[in-house]
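Q: Mind folding the following:
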Amino acid sequence: MVETHAPVEVRQVISEKTSAQVRDILESVVKEGTGKNAYVAGWRIGGKTGTSEKRDENTGNLITSFMGFAPANDPQVIVLIGLDTPSARSGYNVSGGTMAAPTAGSLLNDIMTYMKVEPQYTEEEKAAIDT
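A: Purely as a prediction, here's the structure:
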């Protein structure tokens, strides 16, 4: 670890209830939405995909992104992956969900493993591991 920063609480911006709702919504983005490519068995990952046009609309160039955090129920780590003008892969749309999300999921998996955070497997994930 290079540096550690302790949070300095200035004021409470949102309620714990609202925070939990937002975390649940962002976790659903990875479970069943546009961020499903960030899914990694054993980790509760929440996130948000992004795809935007660059300033010069005539080029068709995009910036894709994915912001992810884990574990979704008790966030310890947050990552932001941004790709400036990514190349389309065969069969893939250029979007944050297809381009940036897989990298974020892999990175969160590596970080959580390094931090020795225990994975939280669902019953379905446990069954898949056993087969």
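
Q: For the most centrally placed residue in the chain, give me phi and psi.
A: Per C-alpha atoms, centre = their mean, the C-alpha nearest to the average position across the chain is that of residue 68, at 2.3 Å. Note on residue 68: backbone dihedrals following degrees, to the nearest 10 are phi -130, psi 150.

Q: i'd like the first residue to be 48 from this point on
A: New numbering, starting at 48: the last item is residue 115.

Q: hey, where'd the strands end up in the protein?
A: Per DSSP state E, the chain carries strands over the ranges 93-100, 109-117, 124-131.

Q: next one: the second one to chain centre, how far?
A: Yep, that's strand 109-117 we're talking about. Computed by C-alpha atoms, centre = their mean, to the nearest Å, the separation of strand 109-117 from the middle of its chain amounts to 6 Å.

Q: could you check the angle strand 93-100 makes with it?
A: On the basis of axes from the mean of the first three to the mean of the last three C-alpha atoms, to 10 degrees, strand 109-117 is oriented at 170 degrees to strand 93-100.
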